[in-house]
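Student: Return atomic coordinates for the entry below.
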Amino acid sequence: MPMTVATLILAGISLVLQNALMVRITQSASTVLIALVINSSVGLTALTLILISRNGLAGLAEIVGAFRPWALLPGLLGSFFVFAGILGYQRLGAAPTIAVLVASQLLAGLAFDATISGKVAGLSASQLFGAFLLVTGAMLVASRNT
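Tutor: Alright, predicted model coming up:
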């Protein structure tokens, strides 16, 4: 568990750095799409090389076999998330963008977990209070720019 939490902390830090660097790319490009294409291309190349190094060309065959049309949605959603993050960093700054993203993710996560468990009314008072505090904090952080 501590390793998972440490990985999540590093991922959060990485996301801040990634978005800051992608904003910098957009400053020398005609559109934010340039930064998104570079980001996606590097990620796809790195992941493909890792897959091939671990599984050989059979890994590529497995990708083809596992593909379903709905499998395009995670990539589209991820690209939208990165796009929104860049837009937020450019227009609001890092802290307000992160605050709004984290608060919205928490609310969506609570709703998702409640739906999956079948206990929509099964959220604890501590979960609801924590969500209230996080959303309130996000509103306070984001309000400095409105």
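Student: Now do the domain split for the protein, please.
Tutor: What automatic domain parsing lists as the domains of the chain is 1-91, 94-146.
Student: Could I get the contacting residues of Q105?
Tutor: Counting by C-beta atoms under 8 Å, 6 or more residues apart in numbering, Q105 makes contact with nothing. Heads up, the C-betas are built off the backbone N, CA and C, glycines and all.
Student: before we move on, what SS does it have?
Tutor: helix (DSSP: H, G, I helix; E, B strand; the rest coil).
Student: What's the per-residue pLDDT of it here?
Tutor: With respect to pLDDT, Q105 scores 95.
Student: ok, now V120?
Tutor: Per-residue pLDDT puts V120 at 63.
Student: Then the one 4 residues further on?
Tutor: Among the per-residue scores, S124 shows a pLDDT of 84.
Student: And for it, the neighbour number?
Tutor: 8 (other C-beta atoms under 10 Å).
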